[in-house]
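J.: here is the input, now give the coordinates:
(chains A and B)
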Amino acid sequence: MASKTIKVRAKEKGGVTTVKALMTHPMETGTRKDAKTGQLIPAHFIQEVTCEHGGNTVMSALWGGGVSKNPYLSFKFEGAKKGDELKLAWQDNQGNSDAITTQIK
Amino acid sequence: MHTDAKRRIFLRGSMAASAVGVAVGAGLLTPQAVLAAWPQAAFEAKQVDQAIDGLMGSASTEASERIAIKAPDIAENGAVVPITISTDMAAESIAIIAEKNPSPLAAAFNMGPGAQGYVSTRIKMGQTGDVVAVVKAGGQLYAARKGVKVTIGGCGG
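T.: Predicted coordinates for the structure are as follows:
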């Protein structure tokens, strides 16, 4: 499954899979003002990122607007092997979401 | 005339959209996808202790040398500060807190089956201050902190 907003790489070495993901998202805090209109730019940020492998959610991240724009995420887990499928998904506070599946290399 | 009408409709549409956005941001409208699990009180807490309490159910942490915080000593751009937290403890969850941010809790991670005590991400830091890492392991809370100097604040203020 390709994704417009997630790039992910998962590599297994010595039994540990390292996942690195880069997401495209404005991650607006809701406290910033538009320079032209002076209006507050509404909060728009990823609230949850989950990673699934083998029927388990191996990692779930809960984020606020304090995570940088176009967020980067990396984590490690054991119990997977090369060729296994991994799914990474995010949901934001405005009801948007995206997901990607990749193979562990 | 034609362009005026189009412009009005466009503006109305975009204002409506942003009004919805503001309403959602203010917590007035709840889109179906909003998770019951997202700890709003913790993310909106203005104090570090409140944030930890809201997230982990307690603000009582024990200092630990087994938590490593990798963060720049000096962050040139407060909008993008790379932080890596790692621990050899059997971490159940890890929280990243920027002490001086208007809302200190930046991110929380829950480790599932097989996940190691390791997370890396990039956070916004509004000003020079400590990054506090809180690790929940064996039902206990542990914390470590590292000072990061911020030359240009990153909260958009």
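J.: contacts only, for the residue nearest in space to the middle of chain B.
T.: With distances taken as Cα atoms, centre = their mean, B:A106 lies nearest the centre of chain B, 1.4 Å away. Taking Cβ atoms under 8 Å, 6 or more residues apart in numbering or on different chains, we find B:A106 in contact with A:63-64, A:66-67, B:96-98, B:123-124. (Glycine included, C-beta is placed from N, CA and C.)
J.: neighbouring contacts of stretch B:74-86?
T.: By Cβ under 8 Å, 6+ apart, stretch B:74-86 touches A:68-69, A:72, A:74, B:67-72, B:94, B:96, B:117-127, B:131, B:133, B:135, B:148-156.
J.: contact partners for B:A143?
T.: Counting by Cβ under 8 Å, 6+ apart, B:A143 has contacts B:61-64, B:67, B:132-135.
J.: mind checking which of the residues you listed are buried?
T.: B:61, B:64, B:67, B:132-135 (16 or more other Cβ atoms under 10 Å in any protein chain shown).
J.: thinking again about what came up before, among the contacts of stretch B:74-86, the buried ones, what's the PyMOL command?
T.: Only the buried entries of the contacts of stretch B:74-86 go into this PyMOL selection, using 16+ other Cβ under 10 Å:
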select buried, (chain A and resi 68+69+74) or (chain B and resi 67+69+71+94+96+117+118+119+120+121+122+123+124+125+126+127+131+133+135+148+150+153+154+155+156)
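J.: in strands, which of the contacts of stretch B:74-86 fall?
T.: The members of the contacts of stretch B:74-86 that map onto strands under DSSP state E are A:72, A:74, B:67-70, B:94, B:96, B:117-123, B:131, B:133, B:135, B:148-150.
J.: before we move on, the earlier item: and the contacts of B:A106, which is closest to A:G14?
T.: Distance to A:G14, by Cβ to Cβ, is smallest for B:I96 among those, at 26.4 Å.
J.: which residues does that closest one contact?
T.: Contacts of B:I96 by Cβ under 8 Å, 6+ apart are B:83, B:85, B:105-108, B:119, B:121, B:123, B:131-133.
J.: and which of those is nearest A:T17?
T.: Closest to A:T17, out of all of the contacts of B:I96 and judged by Cβ to Cβ, is B:V119, at 14.2 Å.
J.: what about the closest residue in space to the closest one that isn't next to it in sequence, how many residues nearby?
T.: Nearest residue to B:V119, sequence neighbours excluded (Cβ to Cβ, 6 or more residues apart in numbering or on different chains): B:F109, at 4.7 Å. For B:F109, the count of nearby residues is 26 (other Cβ atoms under 10 Å in any protein chain shown).
J.: so which strand or helix has B:F109?
T.: Using DSSP states H and E, B:F109 sits in strand B:105-111.
J.: same check, this time on A:S60
T.: strand A:56-63.
J.: widest-spaced pair of the buried ones among the contacts of B:A143?
T.: For these, and using Cβ to Cβ, no pair is farther apart than B:S64 and B:V132, which are 11.8 Å apart.
J.: what touches both of those two?
T.: With Cβ under 8 Å, 6+ apart as the test, B:S64 and B:V132 both reach B:143-144.
J.: and the residue at minimal distance from the centre of chain A, how close does it get to A:G38?
T.: Note on chain A: the residue nearest the mean C-alpha position is A:V49, at 4.7 Å, using Cα atoms, centre = their mean. Separation of A:V49 from A:G38 (Cβ to Cβ, to the nearest Å) stands at 33 Å.
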